[in-house]
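1. Sequence and predicted model, in that order:
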Amino acid sequence: MPFNKETSKERIPSPETLPPLEKKKKELSQAQPEKKAEERHPLSGSIFPLQEKEDAEKAEISKEIEDILTQDLEPFYQVLPSKKKELFDRKKEQTIIAIEKTLSSTKIIAQKILNLVKGLLKMLPGLNRFFLEKESKIKTDKILSLAKKNEQIQL
């Protein structure tokens, strides 16, 4: 089939034939009515109050785990060069996510949490292996007590 300019112009709409953006937005907003007030939860104003509560609890637990992991490590962190700080921060976030997954499982494995904390602390310079073992054990115990406390609250 040969190329024909006239037929190709018919397929592609010109800017004049397209509706303006504001008109399109108005049509979309009218097509999707907002949720009525009685459909929302009376206390939170949200349609999914339980999901918001769980998200808030997860964020709080993440913050507490981060506080535990970074406790007493400021002098060592300050010595790191900027690239190593970025790597340490990424590793810290990965460790927090892995610990949260371990805590949310039905069987909490303390050895796995201990290994995750050790892996994070090994990135810091100037830590001897005895201090590393002791500090990772202390942090693991704190994380496990945090998990136990949160478990009692949820029951």
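-> Sure, I can see it.

2. if I pick residue 73, what's in contact with it?
-> Listed by CB atoms under 8 Å, 6 or more residues apart in numbering, the contact partners of residue 73 are 121, 124. Where C-beta positions appear, they are placed from N, C-alpha and C, glycine not excepted.

3. how near is it to residue 128?
-> Applying CB to CB, to the nearest Å, the value for residue 73 to residue 128 is 15 Å.

4. Same question for residue 119.
-> Taken as CB to CB, the span from residue 119 to residue 128 is 17 Å.

5. Residue 150 against residue 61, yeah?
-> Yes: with contact defined as CB atoms under 8 Å, residue 150 reaches residue 61; the gap is 6.3 Å.

6. Quick check, residue 125 in contact with residue 81.
-> No: if you go by CB under 8 Å, residue 125 and residue 81 don't touch, sitting 9.9 Å apart.

7. Only the buried residues of stretch 60-69, if you could.
-> Within stretch 60-69, the residues scored as buried using 16 or more other CB atoms under 10 Å are 61, 65, 68, 69.

8. what residues are up against the last one?
-> Residues touching residue 69, when contacts are defined by CB under 8 Å, 6+ apart, comprise 92, 95, 96, 117, 120, 139.

9. pLDDT wise, what is residue 147 at?
-> With respect to pLDDT, residue 147 has a value of 88.
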